[in-house]
Every structure is written in structure tokens, then in C-alpha cells.
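Chemist: This is the structure alone, sequence omitted:
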């Protein structure tokens, strides 16, 4: 219920909320439980003058999506054979300014199909080198996977890029630069500063790489 105090009212949120406004006046709108405490993490980075944006860009995705650690329990005498001590799905590290945002397997009756989003992490002028457009070779991106075809999709992944370009409003305002279809010969992708691009990749897995078996 709105008490008409608006944003000028001090925050006083409690764990179990508030009693009903339909109760007698002596019991109406009373806070229940302890106060809610909101905490956060503050990070301070130090560097040379003028490189603040560059330092922040390189750290923010790791802060937003930190690694999740999962553990399991077993008897101490049980041997758990790890076939490989570590595993990476990519053949080599991505360029420093490229972020793999999405890597999702799609349902397909023919080929192994994945939805992949790549994002350029830096904006114009934030870094002398990392703000430049960068190329990514989709053919040599993933381990144990032979790429057969790559199709660029809209950001949501529900339409082909070229099909959407034919249907959208063609804006001709000053300074507008239309980007044509997505892939150069050889499935090389170029990402401009702060650009996110989505691709549907069809291929064949050469082998399954077991990370752990029990």
C-alpha cells in the first residue's frame, strides 16, 4: 500500500515485511523481523593516469560473473579417476578484448549446433590498442569441433541477420553507418568496439572429452 511519502521516506525494510493495513490502528503497518542488510564489494584499482577505463573494462566481467566452484562428497577410500587434470573448450585464449558471452548447445537432428555470442569489451578511445576492432576465427575457436557452417543471427538469436536487415526500417540519418552481413570468407568475424554479435554454428564433434568419470 502506498503511504504517499514517496522517495522521501527513509528505507526501513525488514526480513518478514509488514503487517496489513486492514488491522486495527494499533497493529497496522508494523515491521516484522530484523532489518534487511544489503552488502556489496568495493574494489579499488591503481594505475597510471588516463587508463582508468581500460583497467575497469578488463575487470568488470570477472566481477559480474565470477567462477562457481562445485564440490562433491565421497568416501575417503574411493578413487576418483580424473582423465584430465584441466579442460578448456577453446583451442587458444580469445583476444584480450573479446568476451565469450554465450555458448549454448541447440537442439538439432543433423549437426551439432551451438548458439555463440561474442562481445567486444572496450569502447571507442578507452585504450590505444584494445579499443580497436578485432578479428576472431570461428573455425579455430573450439576444441574437438569441426565447423561446417556459421550463420549470423540477430542479438536474440531468433532471426537470420540478413533476413532481419531486409525487414527493418532503413534509417538514413546523419552519421549512420549500416553494417552489412556478418562474416568474411573463412568465417572470420570482426567485432567493433562494444559490439555484441550472435552466431549459430553447425559442425561435427570429433570426440567427446570426459572431464571426470566415476
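Modeler: Nice, I can see it. What you see is a predicted model, and the numbers here were worked out from it, not measured in a lab.
Chemist: hey, what's residue 137 bridged with?
Modeler: With DSSP bridges as the criterion, residue 137 is bridged to residue 188.
Chemist: That one: neighbour count?
Modeler: The local packing of residue 137 (other Cβ atoms under 10 Å) involves 13 other residues. In this view, the C-beta of every residue, glycine as well, is placed from N, C-alpha and C.
Chemist: What spatial separation is found between it and residue 171?
Modeler: In this view, residue 137 and residue 171 are 32 Å apart by Cβ to Cβ, to the nearest Å.
Chemist: same deal with residue 32?
Modeler: 53 Å.
Chemist: repeat for residue 112
Modeler: Taken as Cβ to Cβ, the span from residue 112 to residue 171 is 37 Å.
Chemist: neighbour-wise, which of those two wins?
Modeler: Remark: of residue 112 and residue 171, residue 112 carries more neighbours, 16 against 7, as counted by other Cβ under 10 Å.
Chemist: Hmm, that one is touching residue 202, no?
Modeler: Yes. Between residue 112 and residue 202 there is a contact under Cβ atoms under 8 Å: 7.3 Å.
Chemist: Apart from its chain neighbours, what residue comes closest to the residue positioned nearest the centre of the chain?
Modeler: In the chain, the centroid-proximal residue (Cα atoms, centre = their mean) is residue 101; its distance is 3.5 Å. With sequence-adjacent residues excluded and distances taken as Cβ to Cβ, 6 or more residues apart in numbering, residue 101 is closest to residue 117, at 4.0 Å.
Chemist: my guess is the one you found contacts residue 152, does it?
Modeler: No. Between residue 117 and residue 152 there is no contact under Cβ under 8 Å: 10.9 Å.
Chemist: shared neighbours, the two?
Modeler: Counting by Cβ atoms under 8 Å, 6 or more residues apart in numbering, the contacts common to residue 117 and residue 152 are 197-199.
Chemist: With pLDDT added, can I get these in TSV?
Modeler: Formatted as TSV, these follow (pLDDT from 0 to 100):
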residue	pLDDT
197	94
198	94
199	93
